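Q: Quick one, fold the following:
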Amino acid sequence: MQFRLLNLTLSFCCLVGLALPVWAHARVESTVPAAGARLSVSPERIEIRFTESIEPQLSDFKLFNAQEAAITVARETDDGDRHKISASVPAPLSAGEYRIEWKALSEDGHPVSGEFGFTVSP
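A: Residues are numbered from 1 along each chain as shown. Below you'll find the predicted structure:
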């Protein structure tokens with residue numbers, strides 16, 4: 001009886017262990033600029049790096065100023081790095097608070113989203 005219980009417990013643990021990678025969704029690993037950063041100059045580019053691979057063509061972000069107006073950024077071409085999305089900022093940002101709203105599709109098919117902000121304060 002104890003052997004059977006031990007065997008069932010080990011089998012269950014193995015199955016759960018194999019399923020864990022499926023439960024792992026992409027999370028933000030780092031951002032440029034860093035979340036909450038106070039910058040003395042406008043950033044030249046924005047990058048969001050994820051812990052897991054994402055589908056870059058199905059992932060995006062938008063930049064908003066303090067008045068919630070969208071600011072156009074130039075999405076950078078896919079360089080093969082499936083852990084990030086990035087864009088260049090074509091014109092310097094004026095002083096103020098900015099918010100980036102992002103959404104990404106994890107390679108496992110699960111959508112993830114979030115936001116972070118930074119301030120330009122010359």
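Q: Residue 111 and residue 79: what is the separation?
A: 23 Å (C-beta to C-beta, to the nearest Å). C-beta coordinates here come from the backbone N, C-alpha and C atoms, glycine included.
Q: and what of residue 42?
A: Residue 42 is 23 Å from residue 79, by C-beta to C-beta.
Q: Which strand residues bridge the most centrally placed residue in the chain?
A: Centroid check for the chain by C-alpha atoms, centre = their mean gives residue 28 as the closest residue, at 3.8 Å. Note on residue 28: beta-bridge partners residue 50, judged by DSSP bridges.
Q: picking that back up, who has more neighbours out of residue 111 and residue 79?
A: Neighbour count, other C-beta atoms under 10 Å: between residue 111 and residue 79, residue 111 has more, with 13 against 9.
Q: Not counting its neighbours along the chain, what's nearest the more buried one?
A: Spatial nearest neighbour of residue 111, excluding adjacent residues (C-beta to C-beta, 6 or more residues apart in numbering): residue 105 at 5.5 Å.
Q: which SS class is the one you found?
A: Under the three-state scheme (DSSP: H, G, I helix; E, B strand; the rest coil), residue 105 adopts strand.
Q: So residue 75 is in contact with residue 90, correct?
A: No - applying C-beta atoms under 8 Å as the test, residue 75 and residue 90 come out as separate, 11.0 Å apart.
Q: and the residue nearest to the centre of the chain, how far is that from residue 90?
A: Taking C-beta to C-beta, one finds residue 28 at 24 Å from residue 90.
Q: With residue 108 instead?
A: In terms of C-beta to C-beta, residue 108 sits 33 Å off from residue 90.
Q: Next: residue 105.
A: Noted for residue 105: a distance of 26 Å to residue 90, by C-beta to C-beta.
Q: quick one: which of residue 75 and residue 90 has more around it?
A: Using other C-beta under 10 Å as the criterion, residue 75 and residue 90 rank with residue 75 on top: 13 against 10.
Q: Skipping its backbone neighbours, what lies nearest the more buried one in space?
A: Closest residue to residue 75 apart from its sequence neighbours, by C-beta to C-beta, 6+ apart: residue 87 at 4.8 Å.
Q: From the contact counts, what lies against the host helix or strand of the one you found?
A: Per DSSP states H and E: residue 87 is located in strand 84-88. Judged by 3 or more C-beta pairs under 8 Å, 6 or more residues apart in numbering; DSSP states H and E, the packing partners of strand 84-88 are strand 45-50, strand 60-65, strand 74-75.
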